[in-house]
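In: just a sequence and a predicted model for now, questions to come.
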Amino acid sequence: MSASQKRSEAPSTGESKEPTLAGDSQSTKTPIRRFDFGFVPILSHLRHDPERPFHFGLSLNLFFGLASTLTVGNLYFCQPILVRLAESFRVSNKDVTIIPTLTQSGYAVGLLLISPLGDLVRRRQLLLLLGCLIGVFTLGLALSPTNKVFAGLSFLMGIFTVVPQIMIPLAADLAPPERRASAISIVFSGLLLGVLFARVLSGIIAEFTNWRVIYWISTGLQFANVFAMWLFVPDYAPKTLAYRISALGGSLEIGLFGLVGAAGVVTTPFIGRFVDKLNGWTATLIAILLGIAFQAIFTGAAGIHLAPIIIVCFGLDVAIQMNQVSNSSRIYAIEPLARARMNAVLVICLFLGQVMGTSVGTQVYLKYGWRYSGVLALGFQGLMIVLLLLRGPHAPRKLWFGWSGEKKAPTEDEKA
């Protein structure tokens, strides 16, 4: 990690200027912060000093992705083990279905209330605090005596599991403009890998031992993650001064099917490089068209053989990642001072879309079958095309609808 954490050789004066944004010429003199929370020391090479900019290398970028993997997994450990939870707590299968709902609801609350703090406070301290809280609530999940206690702690844990949504904008700030989409994609791939990692690990462990072991392991991982963040995450000045329910099959089968998407996660860094070379609007269009193509394969052939389902899982994963990376890169280019807040809005919109799709899609599936649920998904993706075409790639920033605006060579940020 040390190779990625070298600074430039400019001398330090002991007092530094903290700009509103890294590289901003407007600054005020403030002493270099040497402690987190007033008593936890910050390693000297991680202290924020605008006169010696921090180098954001690949190794640190990969660590951001790994930290996101370890954190976001907590949101999904419960999904393959719902039947085991019902048996352990001596409640019905219906009673435990509230657990993933409350977990995701807590996550939505965290996106709304905590993610925007990334623009207002020092993100290193915020990440350390969130990591400790996640570890404490995960320990509570391992010790939960009843279904209601487990559900309540899942909601609280979900609120603080927004570490990836703090790290993604931080990576965008630390990375040079020409590598921004690639840096975002690496962290985002870590987030997606966490979803797969959690489901697979949870399913396997629950098949062979008690479900509580999952949360004991996760507790250790969360506190190890906090220590690693203390070792590797650089201090960074605030940018502003203002303030599915799893099917009732075996846990092992449910968890292992999540491996299908792992190949898609591997492609995410390449997707980031691809998006870096394109206009963001064009990359979004390509992503939607890919999604429509693979969804059409599912709708037409999923009932024939297992192979089309595997192909579609991989293809849709690639399309969704490309869409996410291109949209994130475009949004971060709008206002560098508000990236955490804009990221929160983006992820909340994604979450609302997931809730809507899950709610409507489940009802359609139960009433009409898988093929009609595929038709519904095609309809949603067709609507995405319509909405994208309402605003052209070179429309002025404040124009909501239309294709006006002269085509011009984009700047490094506008390429997003």
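Out: Done, it's in. Numbers count the residues shown, from 1 in each chain.

In: measure L350 to L278 for me?
Out: When distance is defined by Cβ to Cβ, to the nearest Å, L350 is 21 Å away from L278. (Each C-beta comes from the backbone N, C-alpha and C, glycine too.)

In: swap in T299?
Out: For T299, the distance to L278 - Cβ to Cβ - is 28 Å.

In: going by neighbour count, list what's buried in the helix or strand encompassing I288.
Out: Secondary structure from DSSP states H and E places I288 in helix 280-301. For helix 280-301, burial by neighbour count (16 or more other Cβ atoms under 10 Å) applies to 280-281, 283-288, 290-292, 294-299.

In: and stretch 373-381, by the same measure?
Out: Burial within stretch 373-381, assessed by neighbour count using 16+ other Cβ under 10 Å, is assigned to S373, G374, L376, A377, L378, F380, Q381.

In: and what of stretch 323-337?
Out: N323, Q324, V325, S326, N327, S328, S329, R330, I331, Y332, A333, P336.

In: secondary structure element for the third one?
Out: In other words, V325. Under the criterion of DSSP H and E, V325 resides in helix 306-332.

In: and that helix with helix 280-301, angle?
Out: 160 degrees (axes from the mean of the first three to the mean of the last three Cα atoms, to 10 degrees).

In: which strands and helices sit next to helix 306-332?
Out: Counting contacts by 3 or more Cβ pairs under 8 Å, 6 or more residues apart in numbering; DSSP states H and E, helix 306-332 is packed against helix 163-174, helix 180-208, helix 262-266, helix 268-276, helix 280-301, helix 339-368.

In: report the rounded mean pLDDT for the fifth one.
Out: Okay, so that is helix 280-301. Here helix 280-301 scores 84 as its mean pLDDT.

In: repeat that for the fourth one.
Out: Helix 268-276 shows a mean pLDDT of 72.

In: could I have the CA atoms of it written out in PDB?
Out: The C-alpha trace of helix 268-276 is given here as PDB (Å, rounded to 0.1, in the frame of the first residue of the first chain):
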ATOM      1  CA  THR A 268     -16.300  -3.700 -14.000                       C
ATOM      2  CA  PRO A 269     -12.800  -2.200 -14.100                       C
ATOM      3  CA  PHE A 270     -12.800  -2.700 -17.900                       C
ATOM      4  CA  ILE A 271     -16.300  -1.100 -18.100                       C
ATOM      5  CA  GLY A 272     -14.800   1.900 -16.300                       C
ATOM      6  CA  ARG A 273     -12.100   2.300 -18.800                       C
ATOM      7  CA  PHE A 274     -14.600   1.900 -21.600                       C
ATOM      8  CA  VAL A 275     -16.800   4.600 -20.100                       C
ATOM      9  CA  ASP A 276     -13.700   6.900 -19.700                       C
END
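
In: helices or strands next to it in the packing?
Out: Applying 3+ Cβ pairs under 8 Å, 6+ apart, we find helix 268-276 packed against helix 180-208, helix 306-332.

In: residue ranges in the stretch 201-350 of the chain under the pLDDT threshold?
Out: Residues of the stretch 201-350 of the chain meeting the criterion pLDDT under 70: 239-269, 302-306.

In: now with 80, please.
Out: Scanning the stretch 201-350 of the chain for pLDDT under 80 picks out the ranges 237-280, 300-314, 317, 321, 324, 329-344, 347, 350.

In: ok, the stretch 1-150 of the chain next?
Out: Across the stretch 1-150 of the chain, residues meeting the criterion (pLDDT under 80) sit at 1-33, 37-38, 48-54, 119-120.

In: again, only using 70
Out: Applying pLDDT under 70 to the stretch 1-150 of the chain flags residues 1-31.

In: for it, just list every one of the strands.
Out: Secondary structure of the stretch 1-150 of the chain, counting by DSSP state E, counting those that start in this stretch: strands at 15-19, 27-31, 35-36, 40-41.

In: partners of the last one in the sheet?
Out: Spelled out, it's strand 40-41. strand 35-36 (antiparallel) (DSSP bridges).

In: show me how far the strand it pairs with is from its chain's centre.
Out: In terms of Cα atoms, centre = their mean, to the nearest Å, the centre of strand 35-36 is set 26 Å apart from its chain centre.

In: picking up where we left off before, and the angle for the helix holding V325 with helix 268-276?
Out: Counting by the same axes, to 10 degrees, helix 306-332 lies at 50 degrees to helix 268-276.

In: picking that back up, closest to G38 among the buried residues of stretch 323-337?
Out: Using Cβ to Cβ, P336 comes nearest to G38 of those, at 28.9 Å.

In: from V187, how far out is the closest one?
Out: Distance, P336 to V187, using Cβ to Cβ: 17 Å.

In: report pLDDT for L153.
Out: In this prediction, L153 carries a pLDDT score of 92.

In: just to revisit the earlier point, how about TSV for the buried residues of stretch 323-337, with distance to F314 added?
Out: Formatted as TSV, the buried residues of stretch 323-337 follow (distance: Cβ to Cβ, whole Å):
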residue	distance to F314
N323	15
Q324	16
V325	17
S326	19
N327	21
S328	21
S329	23
R330	25
I331	26
Y332	27
A333	29
P336	34
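
In: restricting to C-alpha, output stretch 144-152 in CSV.
Out: Written as CSV, here are the backbone C-alpha positions of stretch 144-152 (Å, rounded to 0.1, in the frame of the first residue of the first chain):
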residue,chain,number,x,y,z
SER,A,144,-30.1,-11.7,19.0
PRO,A,145,-32.5,-13.8,21.0
THR,A,146,-35.7,-13.2,19.1
ASN,A,147,-36.9,-12.4,15.6
LYS,A,148,-38.0,-8.9,16.6
VAL,A,149,-34.6,-8.0,18.1
PHE,A,150,-32.9,-9.3,15.0
ALA,A,151,-35.2,-7.3,12.7
GLY,A,152,-34.7,-4.1,14.7
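
In: list the residues that contact L127.
Out: The contact partners of L127, taken as Cβ atoms under 8 Å, 6 or more residues apart in numbering, are V163, I166, M167, M229, V233.
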